[in-house]
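[1] predicted model and sequence follow; I will ask about them next.
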Amino acid sequence: MASMGVSAQGDGDPVPALIIGAGPAGLASAACLKQRGIDALVLEAAPALAHAWRNHYDRLRLHTVKKRSHLPGMPFAKELPRYPARADVVAYLEAYAAQFGIAPRTGEPVRRLRAADAGSDGASAGFVVETARAVYRARAVVVATGFGRVPNPERLPEQERFPGPLLHSSAYRNADPFVGRRVLVVGAGNTGAEIALDLAEAGARPTLSVRAPVNVVPREFLGLPIQVTSIHLRKAPTKLADAIGRMASRLSFGNLARYGLPRPAMGPISAIKLRRRIPLIDVGTIAAIKRGQIAVKPGVARLTETGAAFSDGSTDDFDAVVLATGFRPALSEFVELPGVLDDQGYPRDRRDRQAGGGIPNLFFVGYQIAATGHLREIGLEAQAMAAELAPGS
């Protein structure tokens, strides 16, 4: 691999491509570039590749089928279940890196990504990437740190009054420490819903705080994975796709408003496109709610010395609180390239050269939120990026 750490003055030849992040998006990008003859330098802040998957809660499985979720050039093993477990995904990503000869430089967080000074002829000189260890120059850069790079720093009102354990979902591994205890899970996205289910199945007493109406869809409908249905509908009008998603929800679960889960005004596909909000893909939480194993409450008004007060005026006692309040890409912490991030800190469409402030040879892979499956979209983006960077290879 042609890679070189250089001084702050930029001595030495630039690497042909540098990838920031060694999760699924970074690995897929490196593999697609290698297949086109480009050996990219891959930098990873964590001690090992696939950091996020290594640190998710134990019971997590892919919500999408393995046949439609593998990265370019290597399917999941045939013996794995339709929805691979967290450990299966980690093993797959390790094997993927080995197959394509990808050896990330781990433990090397990027502190700054900026444009290199233009040459004497005014032409672009690529990029400068500063890490905790070195400074690199690169002709092309792929940012692949993911939209869940850091936990949301959200605090609940009067949070300091609560005396029990209070942790973000990123620190939750399993229900063992909470068996027999009353646990408030704040946030009804996929993470919050699955943690509540994990707690209920282990013998804890979870309550799920739902701050806003949420779209709920089954993982499978009429024997077909909902991901596959979404792929078939990807070119359908949004109004039609919303209607089908809502029909699948109604036929699968009935009226969820009676259980504290009112239907939002915006349909599931509209919510993805306009608000970057994935629907709750149910893997058993709804049945547990209906059985009374998981209580549902509205948003938290404040925490108290014994538990929480809710927006409807009710109160309840809890022994612990889990904040399933999501993550953010936090790209502005190191990306110093004007115009490439939107007001919410997400990358603008790299193909939008006119309005998006696109910079040639700068790519963001893994930031598209779609109903068709995150890993599937990563594969498509990585292939498109490699084709643009090395056309005709």
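    Yep, that arrived. Since the structure is predicted, the reported quantities are computational estimates derived from the model, not experimental observations. Numbers count the residues shown, from 1 in each chain.

[2] is the residue nearest to Ile226 when sequence neighbours are not counted bridged to anything, and to what?
    Closest residue in space to Ile226, ignoring its immediate chain neighbours: Val217 at 5.4 Å, by C-beta to C-beta, 6 or more residues apart in numbering. The way it works is simple: take the backbone N, C-alpha and C, and place the C-beta from them, glycine included. Judged by DSSP bridges, the bridge partners of Val217 are Ile281.

[3] next up, the contacts around Val217.
    Ile226, Gly245, Ala248, Ser249, Ser252, Pro268, Pro279, Leu280, Ile281, Asp282 (C-beta atoms under 8 Å, 6 or more residues apart in numbering).

[4] if we go to 6 Å?
    Contact partners of Val217, counting by C-beta atoms under 6 Å, 6 or more residues apart in numbering, are Ile226, Gly245, Ala248, Ser249, Pro279, Ile281.

[5] give me the contact list for the host helix or strand of Gly245.
    Per DSSP states H and E: Gly245 is located in helix 238-253. Residues from elsewhere that reach helix 238-253, judged by C-beta under 6 Å, 6+ apart: Val216, Val217, Pro218, Phe221, Leu233, Gly267, Pro268, Ile269, Ser270, Ile286.

[6] from the residues you listed, pick the one nearest Ala144.
    Ile269 (25.4 Å; C-beta to C-beta).

[7] just give me the neighbour total for the closest one.
    The number of residues packed near Ile269 is 26, by other C-beta atoms under 10 Å.

[8] next one, pLDDT for the closest residue to it other than its chain neighbours please.
    Nearest non-adjacent residue to Ile269, counting by C-beta to C-beta, 6+ apart: Ala241, 4.2 Å away. Per-residue pLDDT puts Ala241 at 94.

[9] heads up, I number from 55, so please use that
    Right, with 55 as the first residue, what we last looked at is Ala295.

[10] against Ile432, how distant is Ala295?
    Separation of Ala295 from Ile432 (C-beta to C-beta, to the nearest Å): 21 Å.

[11] of these two, who's got more company?
    Ile432 (26 against 23).

[12] tell me which element the more buried one is part of?
    helix 428-443.

[13] check the most centrally placed residue in the chain and give its pLDDT.
    Compute the mean C-alpha point of the chain, and by C-alpha atoms, centre = their mean the closest residue is Gly202, 4.6 Å away. pLDDT, Gly202: 86.

[14] and Thr261, which of the three is it?
    strand (DSSP: H, G, I helix; E, B strand; the rest coil).

[15] then Gly200?
    coil.

[16] for Ala102, give me its contacts.
    Neighbour list for Ala102: Thr160 [criterion: C-beta under 6 Å, 6+ apart].

[17] go again using 8 Å as the cut-off
    Counting by C-beta under 8 Å, 6+ apart, Ala102 has contacts Arg108, Thr160.

[18] ditto for the one 10 residues further on
    Contacts of Asp112 were listed using C-beta under 8 Å, 6+ apart, and they are Arg140, Arg227, Asn228.

[19] what segments of the stretch 255-404 of the chain are helices?
    280-286, 292-307, 322-329, 339-344 (DSSP state H, counting those that start in this stretch).

[20] who wins for proximity to Ala438 among these?
    helix 280-286 (17.0 Å).

[21] what's in contact with that closest one?
    117-119, 122-123, 271-275, 295, 298, 302, 323, 335, 424-427, 430.

[22] check what pLDDT Gly411 gets.
    At Gly411, pLDDT is 51.

[23] next, count neighbours for Ala378.
    23.

[24] what residues are up against it?
    Here Ala378 is in contact with Ser223, Val239, Val240, Gly241, Ala242, Gly243, Thr245, Gly246, Ile249 (C-beta under 8 Å, 6+ apart).

[25] ok, it to Pro291 distance?
    Going from Ala378 to Pro291 by C-beta to C-beta gives 32 Å.
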